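# Sequence and predicted structure, then a few things I'm wondering about:
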Amino acid sequence: MNEARIPDRHYLNADFSVWSWFFTTDHKRIAILYLISITLFFFVGGAAAVLFRLELMTPPGDLVISETYNKLFTMHGVIMVWFFLIPSIPAVMGNFLLPMMVGARDVAFPRLNLLSWYVFMVGGVFTITVMVTGGVDTGWTFYTPYSSTYANTHVMTTAVGIFIVGFSSILTGINFIVTTHTMRAPGLTWFRLPLFVWAQYATSLVMVLATPVLAITLALIAVERGLGVGIFDPALGGDPVLFQHLFWFYSHPAVYIMLLPAMGVVSELITSFSRKRIFGYSFIAFSSVAIAIFGFLVWGHHMFVSGQSMYAGMVFSFMSMLVAIPSAIKVFNWTATLYKGSISWDTPMMYALGFIGLFTLGGLTGVFLATLAVDVHVHDTYFVVAHFHYIMVGGAVMGYMGGLHFWWPKMTGRMYPEGWGRFAAIIIFVGFNLTFFPQFVLGYLGMPRRYHVYPEEFQVLNVMSSAGASILGVGYLIPLGYMIWSLRYGKVAGPNCWGAKGLEWQTPSPPPTHNFEQTPVVTEEAYDYSIPEASPG
Amino acid sequence: MEPQFRLFPEQASVEAQRVDVLYLFQLGVGVFFTALICLVIFYFAIKYRRGAKVDRSNPPKKNIPLEVVWTVIPLALTMVMFGWGARLFFDSQRPPLGADEIYVVGKQWMWKVQHPEGKSEINELHIPVGRPVKLKLISEDVIHSFYVPEFRVKTDVLPGRYSTIWLNPTKTGRFHLFCAEYCGTDHSKMIGHVYVMEPAEYSKWLAGTIDQPPHVAGELLFERFRCNTCHRDTPDARCPSLRGLFGRQVALADGSNVIADEKYLRESIVNPNSKIVQGYKPLMPTYQGQLNEQGILQIIAYIQSLEQTQEPPAPAATEDRQPPTETND
């Protein structure tokens, strides 16, 4: 494999004109467009975090004023949730891989796919322009009646931006659902699908079903703010808690939009780097579906102290406990997959194993939060902040980074530098834990979230967290550097540099525009590593 | 208390002790499982590293009994946590009998506290140790959240709706009072302190007041807004008498019944035509915008203080309502 060559013709050099990129309907090119866009957004959202972590080094508000601080954490939340995490794995890796994994030449609706990117960009550029030039200070949660009546910042325009971007999620979701149903290669039955496809499928269902509720909620805010119709503001006869029900009915499932795809990626990585069939395929597949379904029934656990009835609190606590079970099943099955495997510690595997550890911690602290009496204390404190960062960064972003390294050779035809890759993975793991672990302690001590100014006794832990954030920031810049470097100088990868199973590894790297010369015929189940191959070059 | 570095918060209430036991149990379970997963991963990842000469024959594909075991164990543990947490939550929502009732109004960005004896304070709350205290809270504007970490209690404070919380302090001292729900620019400055005092000291502190007790202030408001022109005790009054009303069952024009609690009284002041008492006409204008939340609470306190002259009030106290005969002085 040492004499691996980049194929003469592939999707990247099929046409060099700018036009060919902006009007492409090739799912792989659209994935690249998404990759560039969300990387930009990620660093904008990250810059906001850098600023407020700097501010939080000291107890008084001395770097920025409160208004700016509030705008910064809002910007961080809005960008990271809607413009990075939600599109991250589905829109980049899902777009690039899903058609190849099912043995198709493209998604079911290629032009709709391109449209989803345009919708995403219109929403994204609009929202970010509004937030950078004017700002909005409601937090990404937009709680009423603050957002609908009291805030003097750009709530309406931000809401419009998020409203728009929701349609891009819906379009992508529909595309993936239809592709999975109708475009699987001959012989590729549902239970032969890679688990990444199962996870994308479950995610797409959530996207299509939950996102409209967000759109409705934002529209109702606009109606109240713009027309003065009383929906959420009690002074106008509305109910502020209604907003929270609607918002979390979308936003709790949205957590699974971010997390499920990462779980899919991890299933791919664990099998590839332990050269082994996944342990308990159907348990992992159905647990994705179970999470997607249960995810719709737990929204009230964000509202235990909001004034909802005590009995509603009990029902939501109970349901939230149940959603922990499929997550636990996944973790145990991944761990069992390692048994009798042939395990290599390449960068993607380091991210995958890191994911399992961090997700376990994030999931277990989620059980703390689902426990009524404990949540009363830690609700709206840094404990919650730490918990959801363990899920969204320790989980979703680790999965994304692992997947990006794993499929980078497929996307570009070249390897990233392995030494640097491992180094950055360790830096990110250490920086992440130093940033967010102290926040669990802070939260149980009682430091509320979204505090610009805080009592002095919390300083030591805040300084630790800020120090960790700076390490984490460097950790994210290193891959940005070496990934770009590798585009030109990276070692040529060859079609299957990891010796992995899966249809995407049966085409050249980078793949031709139409993916496969001939439609593949599938005769075996996923991850059939029964005959271990020799280590690739 | 001097600001000092700590890893675990002070325990200063009955709830704090109970919640911490549950938390430590969860922490134990959490540490155990995290350690277990990490150890197993490292063990496998090293033992079965590529190139190592180990037995890899007959790798298992699935194992149903194992799946059942690792489904049932987490399920059982989470159910224990659910039941335990729900039980504590349930208890914390029950009113201890005979608690003092203090009014708290949250507004951007301060806490206004009104004691029944008359003392009022801002961003501070003085309470006695060893005796349960009931707080009735409402917001003047957006949603706030009343949070005392050392007590492990928190409740959102909503506009247009009363929230209730009980404090059971076990320790004297000064504790944090935070607003925990983001409420705008100076959210992080909407903080204060709870001072828990020895009962004798507390009585001395209360006696040092020259402020008006809320029901007296309420009576003045009642007269100032001329409520008494209609709400009189005479048989020809245009509006129902308010004497002995609080906590009583009221028959409405639409045939239904309602308990005259603070929620009903507040609604009848802000939105009088939503519930009409049987035998009366919808005559009353709204006082929304004319009375602030503090004023409404004072009028409710005044109505609460109007004792029934002869016949005893009808229904027994239900749920979280106090016995109707209690007054504040």
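Structure's in. What do you need?

# Contact partners for the closest residue to chain B within the stretch 401-537 of chain A?
Among all residues of the stretch 401-537 of chain A, residue A:446 sits closest to chain B, at 2.4 Å; criterion: Cβ to the nearest Cβ. Backbone N, C-alpha and C define where each C-beta goes, glycine included. For residue A:446, the contacting residues are A:377, A:381, B:9, B:147, B:149-150, B:176, B:178, taking Cβ atoms under 8 Å, 6 or more residues apart in numbering or on different chains as the criterion.

# Buried subset of the residues you listed as a PyMOL selection?
Selection command for PyMOL covering only the buried members of the contacts of residue A:446, criterion 16 or more other Cβ atoms under 10 Å in any protein chain shown:
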select buried, (chain A and resi 377+381) or (chain B and resi 9+147+149+150+176+178)
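
# Serialize the contacts of residue A:446 to JSON lines and add fields for pLDDT.
Shown next, in JSON lines, are these (pLDDT from 0 to 100):
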{"residue": "A:377", "pLDDT": "96"}
{"residue": "A:381", "pLDDT": "97"}
{"residue": "B:9", "pLDDT": "94"}
{"residue": "B:147", "pLDDT": "97"}
{"residue": "B:149", "pLDDT": "97"}
{"residue": "B:150", "pLDDT": "96"}
{"residue": "B:176", "pLDDT": "96"}
{"residue": "B:178", "pLDDT": "97"}
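
# Looking at the contacts of residue A:446, spot the one nearest residue B:160.
Of all these, the one with the least separation from residue B:160 (Cβ to Cβ) is residue B:147, at 20.6 Å.

# quick check, the closest one in a strand?
Yes - when classified by DSSP: H, G, I helix; E, B strand; the rest coil, residue B:147 is found to be part of a strand.

# hang on, it packs against residue B:175?
No - in this structure, residue B:147 sits apart from residue B:175 without contact. The criterion is Cβ atoms under 8 Å, and the distance is 10.6 Å.

# And for residue 253, the neighbour number?
This is for chain A. Burial of residue A:253, expressed as a neighbour count using other Cβ atoms under 10 Å in any protein chain shown, amounts to 28.

# Not quite, go with chain B.
Around residue B:253 there are 13 other residues, counting by other Cβ under 10 Å.

# which residues touch the nearest residue in space to it that is not next to it in sequence?
The shortest distance from residue B:253 to any non-neighbouring residue, by Cβ to Cβ, 6 or more residues apart in numbering or on different chains, is to residue B:276 (4.2 Å). Contact analysis of residue B:276 by Cβ under 8 Å, 6+ apart lists B:252-254, B:282.

# Repeat that for residue A:351.
Residues in contact with residue A:351 (Cβ under 8 Å, 6+ apart) are A:269, A:398-399, A:401-402, A:405, A:425.

# Excluding covalently adjacent residues, which one is nearest to it?
residue A:402 (3.0 Å).

# where does the one you found fall, phi/psi-wise?
phi -60, psi -50 (degrees, to the nearest 10).

# How confident is the prediction for it, by pLDDT?
Among the per-residue scores, residue A:402 holds a pLDDT of 97.

# from what I can see it touches residue A:266, true?
Yes - because the distance of 6.9 Å satisfies Cβ under 8 Å, residue A:402 is recorded as touching residue A:266.

# between the two, what contacts are shared?
With contacts taken as Cβ under 8 Å, 6+ apart, the residues that reach both residue A:402 and residue A:266 are A:352, A:355.

# more crowded one of these two?
A side-by-side neighbour count of residue A:402 and residue A:266, using other Cβ under 10 Å, places residue A:266 first with 31 against 28.

# give me the element that one is part of.
Applying DSSP states H and E as the criterion places residue A:266 in helix A:240-274.

# All set now, cheers.
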